[in-house]
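J.: Kindly generate the corresponding structure for this input.
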Amino acid sequence: MLTDYHNHLENGTLTLDYLEQFTNAANNKNIGSFGISEHAYHFYQTADILQNKWVNERRYYDMKDYVSLFHQAWNKEIDVKMSIEMDYTPGKHKEMEKFIQSYDFDYVIGSVHWVGDFGIDLAEYKKEWERRDLYDVYRKYYDQIVTLAQSNLFDIVGHIDLVKIFKYVPQDEEFLLEQYERATDALAQSKTCVEISSAGLRKPVGELYPDPRLLRKCFEKNIPIVLSSDAHFPEHVGADFDQSLALAKEIGYSSIMTFSKGERKEYPLG
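T.: Numbering: from 1, shown residues only. Here you go, the predicted structure:
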């Protein structure tokens, strides 16, 4: 069994034709459980959760159109999971929970893209890495990974070490391992799975998410995994899954989690 649960339509249209380009790509790569997880900040219904200038300029979808798209697909017997990728936002647990419970998602991804006013993975903010204290950014980033897990609102944590995207990584390994330890301690007490994401291979960091040392801690604490590509274009669906599978098996994983309407099942890893 292979999964690809982290995929975006935002560079195209919320139409069945465009969606089918993704599902066809998944079928061609023998991905047995495939889902679309558009960024929640694009939707008017999340305006009470995350507000900043960068996000507000990109809030142009309505959830009713998104849900309708999936019903069109299901009516055509297209097997696609409906999900959302939500920016975990400290202090907005009630608002996030209300939004998540308002829709019949198959699963929900929680990710950290913002450390305060700092969009850590955005090219527009890259210069900020030279202005800020690297260790402070990492500590605050993993503070959010911990509380994301503790909220127990999410089925999957997206690209758990996204903070390394531009190759700004602390040289103090003890500090780094401490962040991994507390993140995985929190995840182990939650329902949240970790994705092995091949997206990092297409980013400046040039490596999978997560770091093998972090994934090993996940394995040791029995935190389940899924596979994801974080495709923003159909051609990236299932990209570099050979490397994702090799890492998972090297660490010791032999199974993968699947989702359907909030129900989860474990299958042998493809």
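
J.: Looking at the residue most central in space within the chain now. What's its pLDDT?
T.: Central residue of the chain (CA atoms, centre = their mean): Gly158, 2.4 Å from the mean position. Model confidence at Gly158, expressed as pLDDT, equals 98.

J.: ok, the residue nearest to it when sequence neighbours are not counted - contacts?
T.: Nearest residue to Gly158, sequence neighbours excluded (CB to CB, 6 or more residues apart in numbering): Ser111, at 3.5 Å. C-beta here means a position set from N, CA and C on the backbone, and glycine is covered the same way. Contacts for Ser111 were tallied using CB atoms under 8 Å, 6 or more residues apart in numbering; they are Glu85, Met86, Asp87, Tyr88, Val157, Gly158, His159, Leu162.

J.: And Ala47, by the same measure?
T.: Arg59.

J.: pLDDT score assigned to it?
T.: pLDDT, read off for Ala47, is 96.

J.: Would you check how far apart it and Phe99 are?
T.: Separation of Ala47 from Phe99 (CB to CB, to the nearest Å) stands at 10 Å.

J.: go on, Thr46?
T.: 6 Å.

J.: joint contacts of these two?
T.: Once CB under 8 Å, 6+ apart is applied, the residues that Thr46 and Phe99 both contact turn out to be Ala40, Met86.

J.: if I read this right, the residue nearest to the centre of the chain contacts Asp121, doesn't it?
T.: No - between Gly158 and Asp121 there is no contact under CB atoms under 8 Å: 10.8 Å.

J.: related to what we said a few turns ago, may I see the contacts of Ser111 organised as CSV, with secondary structure and distance to His42 added?
T.: Below are the contacts of Ser111 laid out as CSV (DSSP: H, G, I helix; E, B strand; the rest coil; distance: CB to CB, whole Å):
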residue, secondary structure, distance to His42
Glu85, strand, 10
Met86, strand, 11
Asp87, strand, 11
Tyr88, coil, 16
Val157, strand, 20
Gly158, coil, 15
His159, coil, 18
Leu162, helix, 18
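
J.: My reading is that Glu38 lies in a helix. Confirm?
T.: No - assigned with DSSP: H, G, I helix; E, B strand; the rest coil, Glu38 falls outside any helix and is strand.

J.: roughly how far apart are it and Lys127?
T.: Counting by CB to CB - Glu38 and Lys127 are separated by 28 Å.

J.: Could you check which of the two is surrounded by more residues?
T.: Glu38 (20 against 9; other CB atoms under 10 Å).

J.: give me every residue that touches that one.
T.: His8, Leu9, Glu10, Tyr61, Tyr66, Ile84, Glu85.

J.: which ones among those residues are found in strands?
T.: Ile84, Glu85 (DSSP state E).

J.: For the residue nearest to His6 when sequence neighbours are not counted, give the beta-bridge partners.
T.: Closest residue to His6 apart from its sequence neighbours, by CB to CB, 6+ apart: Ser228 at 3.6 Å. Under DSSP bridges, the beta-bridge partners of Ser228 are Ser197.

J.: which residues sit in contact with Ser228?
T.: Taking CB under 8 Å, 6+ apart, one finds Thr3, Asp4, Tyr5, His6, Asn7, Ile156, Gly158, Glu195, Ile196, Ser197, Ser198, Ala199 in contact with Ser228.

J.: so how far is Pro224 from the first one?
T.: Applying CB to CB, one obtains 11 Å for the distance of Thr3 from Pro224.

J.: Can you show me the strands along this structure?
T.: Under DSSP E, the chain gives strands at 3-4, 33-39, 81-87, 109-111, 114-115, 118-119, 156-157, 193-197, 225-228, 255-260, 263-268.
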